[in-house]
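Peer 1: No letters, just coordinates:
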């Protein structure tokens, strides 16, 4: 979550809250110990109050010193209230064993009521408020219901202390579980930047809510079930405070997630070992009847269970605290999912940078492609000098660098070893994303080139139709009208006009066939480039323009006959346009075309000894079409003057196997 300065810290108030919670809690613990009373459910509840006062007093002080968020004030209320409750309970216990000490009524009131508003607010209200953006309507309703439930419970304990509170406690449990479900839903579906710690908070909220259930079940079950309430309250101290620190301060307290993770693991592992030991002692005693044997069995069971249980707890706590950053595999899945929603190269880079930053909880990420300074994507705004890391992919000659990754940690944090290791493990995924970006850019360029080529060809056809077929059709119309006008008065003249028109139609039909063949002659598909060029030479010869084609050996002719159809079409287009330009504009009597195979390229050279190309000349439609066709295949085209400035020379190089294909 993005932290702002709307809630500046209050260090002095933080110290006051810590003192106000620690002093009465410690005093209550000392008084209880001095009373030397046996352990009862009330004593366990007092232990809970002492723990809440000390633990949440520290949590409230840490949060308040950095942020005066409403959550900090509610945690302070819980800490001070629990401390006062511990003091009241300790005073009552001490007065019971020391008759000279007055048993003050206020002590009983504090022990029974002081903890209620703050403790209930912890899991009924606080989880709704753990966010920095304005509360949505659902969160406001949830927080309002939590406040109302806590107020009703507190009011009943203060005004009607002797009445049955079962109905209110049931409401507390239900509202608490709904709150936990809402937090779990945010952890599952919310923005990745806000998820870390919410899983731990949802777990703590659920345990806190369920810890009140034994208070309702006491009349219907064994009396000892009430012990589950303080025990589960104590278990919450291994989860809930850490969740608050992680969710509230993860951007401002460097290393808090690691410290909390280890503390939560230690707390849950200790609790788990106690449960395992107690369960095995109870089971062995019931089966064998010997307490000594039961203790040995329990000890062996604890030894065997400690390592698997630690790994199981650690994996889940790391997942709850760090989210996807705890597992590079999950982070990779997150990156892949984000890339699947992008459509263009720039958007792909931005999404790739954003998914890396959100998964690893960074402040900013900028991804720049090697060899393309204008191709970069970013996420977040850096507030410190970025750390640059190369993005590489494996290649036959060693790692191939495909880009640079510049990252900055969140304010108050450092790029620790865990984050750097995660970035290193994500290298293949990031490199694959970069490859996808480049492939997308290549596809876009090829699509644009193809579109331009089609547009150029359409313009060429339009020009031919407009300048050639169009005027001829107008002339044909006039000729037919003239023949019609003299058909009755002078049939011989009408017949002469119609004969001339018939010859003109035949000529124009040949022109249309010539134009269609110049675009893509059928013989090119049927018999290959060599035969198509022979027909091209024959057509020019029929117009009086001599074209010669040479340069190919017998082996080269076989290779040309088997050319990729895309290369053959491009080669034919280059020769056709070059010879047509020479026939129309050079003033020469002919031109020479040479085709040779040089390694992996087909080389085409067209020379004429005509007027040459003016230095100020610009490419026409046909020339642009030649350039685009060669560029589509990864080839080159150059137009310049001939030897001694005489004539024009067109040189083209086309790859025999375009786009890196191998034969």
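Peer 2: The structure has been received and is ready for your questions. Bear in mind the structure is a predicted one, so any value in this text is a computation, not a measurement.
Peer 1: residues contacting residue 157?
Peer 2: By Cβ atoms under 8 Å, 6 or more residues apart in numbering, residue 157 lies in contact with 112-113, 116, 165. In short, each C-beta sits where N, CA and C put it, glycine included.
Peer 1: what's around residue 601, how many residues?
Peer 2: Look at residue 601: counted by other Cβ atoms under 10 Å, it has 18 neighbours.
Peer 1: Renumber starting at 674 from here on
Peer 2: All right, first residue 674 from here; so that's residue 1274.
Peer 1: And the strand or helix carrying residue 1064, what does it pack against?
Peer 2: Using DSSP states H and E, the element containing residue 1064 is strand 1060-1066. Packing contacts for strand 1060-1066, counted by 3 or more Cβ pairs under 8 Å, 6 or more residues apart in numbering; DSSP states H and E, involve strand 1073-1081, helix 1100-1137.
Peer 1: which neighbours does that strand have in its sheet, and in what orientation?
Peer 2: If you go by DSSP bridges, strand 1060-1066 pairs up with strand 1073-1081 (antiparallel).
Peer 1: Okay, buried residues for stretch 693-713 please.
Peer 2: For stretch 693-713, the neighbour count (16 or more other Cβ atoms under 10 Å) marks 693-695, 697-702, 704-705, 708, 710 as buried.
Peer 1: mean confidence score for that stretch?
Peer 2: Stretch 693-713 carries an average pLDDT of 85.
Peer 1: Identify the residues contacting it?
Peer 2: Counting by Cβ under 8 Å, 6+ apart, 716, 719-720, 722-723, 725-727, 729-730, 733, 749, 752-753, 755-764, 766-767, 769-771 sit against stretch 693-713.
Peer 1: Turn the buried residues of stretch 693-713 into TSV, including secondary structure.
Peer 2: TSV is the format used below for the buried residues of stretch 693-713 (DSSP: H, G, I helix; E, B strand; the rest coil):
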residue	secondary structure
693	helix
694	helix
695	helix
697	helix
698	helix
699	helix
700	helix
701	helix
702	helix
704	helix
705	helix
708	helix
710	coil
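Peer 1: Can you pull up the most central residue in this structure?
Peer 2: Nearest to the mean C-alpha position of the chain, by Cα atoms, centre = their mean, lies residue 1028 at 2.8 Å.
Peer 1: Need the three-state assignment for that residue.
Peer 2: State at residue 1028, reduced to three classes by three-state DSSP: helix.
Peer 1: where's it relative to residue 739, distance?
Peer 2: 29 Å (Cβ to Cβ, to the nearest Å).
Peer 1: on that earlier part again, of the contacts of residue 830, closest to residue 1111?
Peer 2: The shortest approach to residue 1111 among those belongs to residue 789, at 62.3 Å (Cβ to Cβ).
Peer 1: just checking, the closest one touches residue 822?
Peer 2: No: between residue 789 and residue 822 there is no contact under Cβ atoms under 8 Å: 10.9 Å.
Peer 1: Can you list the low-confidence ranges for the stretch 1174-1323 of the chain?
Peer 2: Within the stretch 1174-1323 of the chain, the segments meeting pLDDT under 70 span 1184, 1186-1194, 1225-1233, 1294.
Peer 1: can you give me the helices for it?
Peer 2: In the stretch 1174-1323 of the chain, the helices defined using DSSP state H, counting those that start in this stretch lie at 1195-1200, 1202-1215, 1227-1234, 1238-1254, 1294-1305.
Peer 1: which helices and strands does the longest one pack with?
Peer 2: Think helix 1238-1254. Helix 1238-1254 sits against helix 1195-1200, helix 1202-1215, strand 1263-1271, strand 1274-1281, helix 1294-1305, strand 1321-1328, with contacts defined as 3+ Cβ pairs under 8 Å, 6+ apart.
Peer 1: Between the two ends of stretch 1251-1259, what distance do you get?
Peer 2: Start-to-end span of stretch 1251-1259 (Cα to Cα, to the nearest Å) is 11 Å.
Peer 1: Flag every buried residue along it.
Peer 2: Buried residues in stretch 1251-1259, defined by neighbour count with 16+ other Cβ under 10 Å: 1251-1252, 1254-1256, 1258-1259.
Peer 1: And this protein, what are its domain boundaries?
Peer 2: Split into domains by automatic domain parsing, the chain comes to 684-926, 929-999, 1001-1110, 1196-1336.
Peer 1: Single out the most deeply packed of these.
Peer 2: Counting by mean count of other Cβ atoms under 10 Å, domain 684-926 has the highest mean neighbour count of these, with a mean of 20.
Peer 1: tell me how far that one is from the chain's mean position?
Peer 2: Counting by Cα atoms, centre = their mean, to the nearest Å, domain 684-926 is centred 38 Å from the centre of its parent chain.
Peer 1: ok, now stretch 1102-1122?
Peer 2: Taking Cα atoms, centre = their mean, one finds the center of stretch 1102-1122 at 18 Å from the center of the full chain.
Peer 1: quick one: average pLDDT of that stretch?
Peer 2: Averaged over stretch 1102-1122, pLDDT sits at 76.
Peer 1: got it, and stretch 756-767?
Peer 2: Stretch 756-767 shows a mean pLDDT of 87.
Peer 1: Can you give the contact residues for that stretch?
Peer 2: With Cβ under 8 Å, 6+ apart as the test, stretch 756-767 has contacts from 693-698, 700-705, 707-708, 710, 715-716, 718-719, 722-723, 726, 730, 774, 776-777, 779-788.
Peer 1: make it 7 Å
Peer 2: Residues outside stretch 756-767 that contact it (Cβ atoms under 7 Å, 6 or more residues apart in numbering): 693-694, 697-698, 700-702, 704-705, 707-708, 710, 715, 719, 722-723, 726, 730, 774, 776-777, 780-784, 787-788.
Peer 1: returning to what we had before: ok and the strand holding residue 1064 relative to helix 1100-1137, angle-wise?
Peer 2: Between strand 1060-1066 and helix 1100-1137, the angle comes out at 70 degrees (axes from the mean of the first three to the mean of the last three Cα atoms, to 10 degrees).
Peer 1: residues contacting residue 1254?
Peer 2: Residue 1254 touches residue 1295, counting by Cβ under 7 Å, 6+ apart.
Peer 1: So it versus residue 746, what's the distance?
Peer 2: Distance, residue 1254 to residue 746, by Cβ to Cβ: 83 Å.
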